[in-house]
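>>> here is my input; please provide its structure:
(one chain, ligands or ions: 1)
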Amino acid sequence: YSAFLLRKYVREADGGKTPFGRRSWKMMYARLRGLVLYFDSDEQPKATSRYASLENAVSLHHALAEPAPDYKKKSYVFRVRIAHGGEILFQTSNEREVKEWCEKINFV
Ligand code: I3P
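Below you'll find the predicted structure:
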């Protein structure tokens, strides 16, 4: 399962607030593979992607995805809370994609 998404880091993996300079929305190609969500800046997976740094991957072990209607600046946003307090927002194109991503992430 994969698609282009806008991604915004809100809380780092340790639960601390993501610092300014790293909080902006970025277009990413997200790929769900097993328990890991990988990010690439383009659609073609890079030859090195399986070795990519953890910065380009999020473990979904103990993660929870849910729609984020409380985020008012954009529509069709969902949040992923990861283990130990990390939080990432993603914007999709419509309600159906929000639902699909949340289901895929919650049932990996
Ligand atoms: C952030 C950037 C984000 C903004 C965020 C800023 O600055 O402007 O677009 O989030 O606000 O900190 P930077 O690029 O320096 O990280 P929103 O689009 O959600 O407003 P925030 O600190 O309230 O998350």
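>>> give me the mean pLDDT for stretch 15-28.
Regarding stretch 15-28, the rounded mean pLDDT is 96.
>>> span of that stretch from start to end?
Taking CA to CA, to the nearest Å, stretch 15-28 runs 22 Å from one end to the other.
>>> need the residues that contact that stretch.
Outside stretch 15-28, the residues that touch it by CB atoms under 8 Å, 6 or more residues apart in numbering are 4-12, 39-41, 74, 84-86, 91. (C-beta placed from N, C-alpha, C; glycine too.)
>>> drop anything exposed from those.
Using 16 or more other CB atoms under 10 Å as the burial test, the contacts of stretch 15-28 include 5, 6, 7, 8, 9, 10, 11, 12, 39, 40, 86, 91 as buried.
>>> dump these into a markdown table; add pLDDT and distance to residue 79 as well.
Output for these, formatted as a markdown table (pLDDT from 0 to 100; distance: CB to CB, whole Å):
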| residue | pLDDT | distance to residue 79 |
| --- | --- | --- |
| 5 | 96 | 12 |
| 6 | 97 | 13 |
| 7 | 97 | 11 |
| 8 | 97 | 10 |
| 9 | 96 | 11 |
| 10 | 97 | 8 |
| 11 | 97 | 10 |
| 12 | 94 | 14 |
| 39 | 92 | 16 |
| 40 | 88 | 21 |
| 86 | 95 | 11 |
| 91 | 98 | 11 |
